[in-house]
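Asks: Using only what follows, build the 3D model:
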Amino acid sequence: MNSMDTFDPDMPCRVHDGLNDQIIEWSPQWASMYRQHASKWDEGVITWDGLLLDGWSPILHSCCR
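Replies: Below is the predicted model of the structure:
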């Protein structure tokens, strides 16, 4: 997982919620709320909407031939 320091809320991805130890599909529709309400919790950790986001990863698409 990548650090939340490099997170772009405008891009679809997966984020890890360390509070509940779960992976969440990130929706770019949440970007404006994220920018307004997210705050740094710890190094590389963001608190937002009751979650502790501690990493993100791109959504990798594979295609078939």
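
Asks: any low-confidence regions in the protein?
Replies: Where the chain drops to pLDDT under 70, the residues are 61-65.

Asks: how about the strand ranked longest in it: buried residues?
Replies: The residue-count maximum for a strand in the chain (DSSP state E) belongs to strand 51-58. With burial defined by 16 or more other Cβ atoms under 10 Å, the residues of strand 51-58 counted as buried are 51, 52, 53, 54, 55, 56. (Each C-beta comes from the backbone N, C-alpha and C, glycine too.)

Asks: again, but for stretch 22-36
Replies: Across stretch 22-36, burial judged by 16+ other Cβ under 10 Å covers 26, 30, 34.

Asks: Which residue ranges of the chain form helices?
Replies: Taking DSSP state H, the helices of the chain run over residues 31-37.

Asks: which stretches of it form strands?
Replies: Assigned by DSSP E, the strands in the chain fall at 13-17, 22-26, 39-42, 45-48, 51-58.

Asks: can you list those in TSV and add distance to residue 7?
Replies: Output for the strands of the chain, formatted as TSV (distance: least, Cβ to Cβ, whole Å):
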stretch	distance to residue 7
strand 13-17	7
strand 22-26	9
strand 39-42	12
strand 45-48	7
strand 51-58	5
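
Asks: how about the most centrally placed residue in the chain, what does it touch?
Replies: The chain has residue 15 as the residue nearest its centroid, 3.5 Å off, counting by Cα atoms, centre = their mean. Residue 15 is in contact with 4, 7, 23, 24, 26, 51, 53, 55, 56, counting by Cβ atoms under 8 Å, 6 or more residues apart in numbering.

Asks: Tell me the one of the residues you listed nearest residue 42?
Replies: Residue 42 lies nearest to residue 4 out of the contacts of residue 15, by Cβ to Cβ, at 9.8 Å.

Asks: From residue 23, how far off is the closest one?
Replies: From residue 4 across to residue 23, the span is 14 Å (Cβ to Cβ, to the nearest Å).
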